[in-house]
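**Q** I'd like to go over a predicted model; first the sequence, then the structure.
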Amino acid sequence: MRSRIGAVILDFDGLILDTETPVFEAWRAAFRGHGQELSLDDWQHSLGTNGGFDPMARLVDLTSGAVDCDAVKREVQEANRRACDAQPLLPGVESLLIEAEELGLGRAVASSSSRSWVLGWLARHGIGERFQVVCGRDDVARVKPAPDLFLLAAERLGVPPAACLVFEDSPNGMRAARAAGMACVAVPNTLTRQLSLPDPDLVVASLAERPLAAILAELSR
């Protein structure tokens, strides 16, 4: 596998930057403010995808409509943005990208979030130029767990899907990689390590756990 990998494709939310924990915690606080609980069992359907779970609809249902939706949305958005602003790049992200470039591998982001969301954070953290391709939900008809984002990233990189290695934190993303015919390394985060992972090729605790060359060598065995 090491000899045939021509590109790495990274998810964004929860893999490059932990934007998943802040928004979950913001919604949990909103639910608790209305005497309700938001479980990870419900929230997991929103991870790595778009539209998989509607927390506002659930809160409205649980409170029989006794909720100011606009106020809750503003509260959640403000809390989420403040928390995301404080997040550093997750460990090992930049070093993996540097190594991938040194190895002559293509580098892409494929995210179920909007391109503007992804590009804004990549620029803020100074790593936007390390990617040749950025694909977001604006670019495809279907987001993860459908394979469209990964297939588009491979096409734009000019690399066959079978020669792409995906790094993902969410089950939906791992399913998308598998559907695209790509090898997948799972890098579960604070939230997703509590979930069942759909048979990735390799699981690492973080991108800093081992060099990319060691990951490629492990997969080749």
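**A** In hand now; what should we look at?
**Q** The one helix or strand C84 maps to: what's the following helix or strand?
**A** For C84, the host element (DSSP states H and E) is helix 69-85. Sequence-wise, the next helix or strand beyond helix 69-85 is helix 93-102, with elements assigned using DSSP H and E.
**Q** Give me the buried stretch members for the helix or strand of the chain with the lowest mean pLDDT, please.
**A** When the helices and strands of the chain are scored by mean pLDDT, DSSP states H and E, helix 40-43 comes last with a mean of 93. Buried residues in helix 40-43, counting neighbours by 16 or more other Cβ atoms under 10 Å, are found at W43. Where you see a C-beta, it was placed from the backbone N, CA and C, and this is true even at glycine.
**Q** Pull it out as PDB, backbone CA atoms only.
**A** Taking C-alpha atoms only, helix 40-43 is exported to PDB below (Å, rounded to 0.1, in the frame of the first residue of the first chain):
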ATOM      1  CA  LEU A  40     -24.300  11.600  22.400                       C
ATOM      2  CA  ASP A  41     -26.400   8.700  21.100                       C
ATOM      3  CA  ASP A  42     -28.600  11.400  19.400                       C
ATOM      4  CA  TRP A  43     -25.800  13.800  18.600                       C
END
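**Q** now what about it, what contacts it?
**A** Helix 40-43 is touched from outside by 24, 27, 53, 55, 58, 191, 194-195, with contacts defined as Cβ atoms under 8 Å, 6 or more residues apart in numbering.
**Q** Run through the strands of this protein in chain order.
**A** 7-10, 106-110, 133-135, 164-168, 183-186, 202-203 (DSSP state E).
**Q** Can I get these in TSV including mean neighbour count?
**A** Rendered in TSV, the data for the strands of the chain read as follows (neighbours: other Cβ atoms under 10 Å):
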stretch	mean neighbour count
strand 7-10	26
strand 106-110	25
strand 133-135	22
strand 164-168	27
strand 183-186	24
strand 202-203	14
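**Q** Just send those back as TSV, with mean pLDDT and distance to A71 too.
**A** Formatted as TSV, the strands of the chain follow (pLDDT from 0 to 100; distance: least, Cβ to Cβ, whole Å):
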stretch	mean pLDDT	distance to A71
strand 7-10	98	35
strand 106-110	98	33
strand 133-135	98	33
strand 164-168	98	35
strand 183-186	98	38
strand 202-203	97	41
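**Q** show me where pLDDT drops low in the protein?
**A** Along the chain, segments meeting pLDDT under 70 span 1-3.
**Q** ok, now with 90
**A** Where the chain drops to pLDDT under 90, the residues are 1-4, 45, 48, 50-52, 190, 194, 199, 221.
**Q** Would you map the helices across it?
**A** Along the chain, the segments classed as helices by DSSP state H run 20-33, 40-43, 55-62, 69-85, 93-102, 115-124, 148-157, 171-179, 212-220.
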